[in-house]
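In: Take this sequence and fold it.
(chains A and B)
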Amino acid sequence: GAGVSQSPSNKVTEKGKDVELRCDPISGHTALYWYRQSLGQGLEFLIYFQGNSAPDKSGLPSDRFSAERTGGSVSTLTIQRTQQEDSAVYLCASRSGLATYEQYFGPGTRLTVT
Amino acid sequence: ILNVEQSPQSLHVQEGDSTNFTCSFPSSNFYALHWYRWETAKSPEALFVMTLNGDEKKKGRISATLNTKEGYSYLYIKGSQPEDSATYLCAHNNDYKLSFGAGTTVTVRA
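Out: Residues are numbered from 1 along each chain as shown, chains lettered A, B, ... in the order given. Sure thing, here's the model as predicted:
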């Protein structure tokens, strides 16, 4: 079956612009995560959605970052007024439910802020 | 904040040689330990999920062990091949969140 997909695969934007990153999780997966990896760093948790529960936003680095998940499926991560330190690979992952641990990752979006 | 450490940060291996590297994690509130392989421009691929102390998992030439009491896991690659070149990520599961290490980047030289 289809895996997790993300778009765009690469995004170059100017400092101060807004960007939107999209994630299509595996069909039927109730949990969705956003992570990012900055150069030389480990994967950093950003936000978690589980079903209809309130999302865990504890990893979002600033109020310029927001995410939504419409209809329990597709998710969009929005970064407003991008800064150079936002340059990173943004990864999305989905998980089938509360009874499992394994997360399935998309290929990521490489964001470069110039 | 959970602290997952991986070492070494990178290593070079001659084709045919075996290698191993480590992941250390907090031993309290343990749920699961994950290993992923991440090749450039691809999705991180799940290798193993381990939950029990003493767990040993194997997938082809790659295997992993887990010690939850002392908080470490080893990943072994036997008879390395060029296609094993990748970054290997370790992640500690605390409830529903994964805390990742920075990875060990393996380069296999032909």
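In: For chain A, which residues are neighbours of chain B?
Out: Residues of chain A found near chain B (C-beta under 8 Å from any C-beta of the partner chain) are A:3-4, A:31, A:33, A:35, A:40-45, A:48, A:50, A:56, A:91, A:98, A:101-108. For every residue, glycine as well, the C-beta is placed using N, CA and C.
In: Check these for burial and list the buried ones.
Out: A:4, A:31, A:33, A:35, A:42-45, A:48, A:50, A:56, A:91, A:101, A:103-108 (16 or more other C-beta atoms under 10 Å in any protein chain shown).
In: In strands, which of those residues fall?
Out: A:31, A:33, A:35, A:44-45, A:48, A:50, A:91, A:104-105 (DSSP state E).
In: ok, those residues vs chain B, which is closest?
Out: Comparing those against chain B with C-beta to the nearest C-beta places A:F105 closest, at 4.4 Å.
In: Quick one: residues contacting the closest one.
Out: Shown in contact with A:F105 (C-beta atoms under 8 Å, 6 or more residues apart in numbering or on different chains): A:4, A:91-93, B:36, B:43-45.
In: Stretch B:53-69 near chain A at all?
Out: No. Using C-beta under 8 Å from any C-beta, we find that stretch B:53-69 stays clear of chain A, coming within 12.6 Å at best.
In: Could I get the contacting residues of the most centrally placed residue in chain A?
Out: Residue closest to the mean C-alpha point of chain A, counted by C-alpha atoms, centre = their mean, is A:W34 at 3.2 Å. For A:W34, the contact set (C-beta under 8 Å, 6+ apart) comprises A:23, A:46-48, A:67, A:75, A:77, A:90-92.
In: tell me the pLDDT at it?
Out: Listed pLDDT for A:W34 reads 97.
In: can you check A:G1 too?
Out: Confidence at A:G1, expressed as pLDDT, is 56.
In: same question, the one 4 residues further on
Out: Looking at A:S5, its pLDDT reads 95.
In: wait, isn't it in contact with A:T109?
Out: No. Applying C-beta atoms under 8 Å, one finds A:S5 not in contact with A:T109, separated by 10.7 Å.
In: So which of the two has more stuff around it?
Out: In this view A:S5 and A:T109 are compared by other C-beta atoms under 10 Å in any protein chain shown, and A:T109 has more residues nearby, 23 against 16.
In: ok, that one touching A:V89?
Out: Yes. Counting by C-beta under 8 Å, A:T109 does reach A:V89; the two are 7.1 Å apart.
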